[in-house]
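# sequence first, predicted model second:
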Amino acid sequence: MFPVRDVVQRKTFPFVNLVLIAINVVVFVFSLTNFEAIITSYGFIPLYWNPLTVFTAMFLHGGPDHLIGNMWYLWIFGDNVEDRAGHAKYLIFYLASGVAAIFIQYLTDPLSDVPTIGASGAISGVMGAYAALFPRTKVNIIAGYFLTTVPAFIMIGFWFILQLIFGTTSLLGGVGSGIAYWAHIGGFLFGLVAGLVIRQRRS
């Protein structure tokens with residue numbers, strides 16, 4: 001299931017979300033000047049991690065497809081979460097989701113010397129918050145060769161189940177794909193709880 005658009009009308013302009021997208025794009029273009037050195041220096045390497053790379057890693061990407069896919073999900077879901085949370089709190093939430101994602105990924109393989117990069121952990125947090133705040137909102141998706149509409153909790157829930165399956169397989173010795181599934185899982189659960197807190201406070 002690939003999201004095309006949602007139908008939630010926002011009340012405020014999502015400038016924080018747009019700035020985050022812009023930063024990710026600029027950082028990716030900059031990383032192309034010396035890709036391997038930048039990924040090695042600023043990606044999160046569990047075996048040699050430092051506090052700086054916890055944050056810098058979430059703005060690095062492995063290629064155009066990695067960047068575009070992540071930014072598309074952020075574009076679809078981030079604006080409405082920012083609208084509900086508020087601009088400043090959304091920025092804090094986004095960064096905290098990324099930190100939570102990297103922490104969970106670290107726990108699953110603390111001796112890895114492979115850099116973990118990408119905004120997908122933080123964006124998984126955004127998706128978790130969206131699922132809590134707008135569970136029944138209709139999302140237009142591409143499923144196979146068809147364009148259809150499903151509630152957000154079905155589309156995001158299906159995505160999360162896949163992360164659990166692949167993440168569990170990786171822990172059981174399955175062939176790795178280079179994807180940090182546990183970062184997705186950790187970020188999503190953090191975002192889901194944060195979204196429930198936001199919804200409760202608004203109520």
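Yes, it's here. Numbers count the residues shown, from 1 in each chain.

# in what helix or strand does the residue at minimal distance from the centre of the chain lie?
Nearest residue to the geometric centre of the chain (Cα atoms, centre = their mean): residue 123, 2.0 Å. According to DSSP states H and E, residue 123 maps onto helix 120-133.

# Three-state assignment for residue 173, please.
Following DSSP: H, G, I helix; E, B strand; the rest coil, residue 173 is assigned to coil.

# count of neighbours near it?
Neighbourhood size, residue 173 [other Cβ atoms under 10 Å]: 7. For the C-beta atoms, the positions are set from N, CA and C on the backbone; glycine is no exception.

# immediately after the helix holding residue 123, which helix or strand?
Next in line after helix 120-133, if elements are assigned by DSSP H and E, sits strand 138-143.

# and the following helix or strand past that next one, what does it pack onto?
Counting by DSSP H and E, the element after strand 138-143 in chain order, helix or strand, is strand 146-151. Counting contacts by 3 or more Cβ pairs under 8 Å, 6 or more residues apart in numbering; DSSP states H and E, strand 146-151 is packed against strand 138-143.

# re the thing from before, which ones are touching the residue nearest to the centre of the chain?
Residue 123 is in contact with 70, 73, 74, 77, 78, 97, 187, counting by Cβ atoms under 8 Å, 6 or more residues apart in numbering.

# about what we covered before: and the average pLDDT for the helix holding residue 123 is what?
The average pLDDT within helix 120-133 is 98.

# stretch 100-115 too?
Stretch 100-115 comes out at a mean pLDDT of 94.

# now do the buried residues in it.
100, 101, 102, 103, 104, 105, 106, 108, 109, 112, 115 (16 or more other Cβ atoms under 10 Å).

# distance of the fifth one relative to residue 30?
The one in question is residue 104. 28 Å (Cβ to Cβ, to the nearest Å).

# over to the third one?
Between residue 102 and residue 30 the computed distance is 21 Å (Cβ to Cβ).

# and for stretch 39-53, what are the contacting residues?
31, 54, 56-57, 60, 62, 102, 105-106, 109-117.

# and for residue 66, the neighbour number?
Residue 66 has 17 neighbouring residues, counting by other Cβ under 10 Å.

# residues contacting it?
Applying Cβ under 8 Å, 6+ apart to residue 66 gives the contacts residue 118.

# also residue 62?
39, 117, 118, 178.
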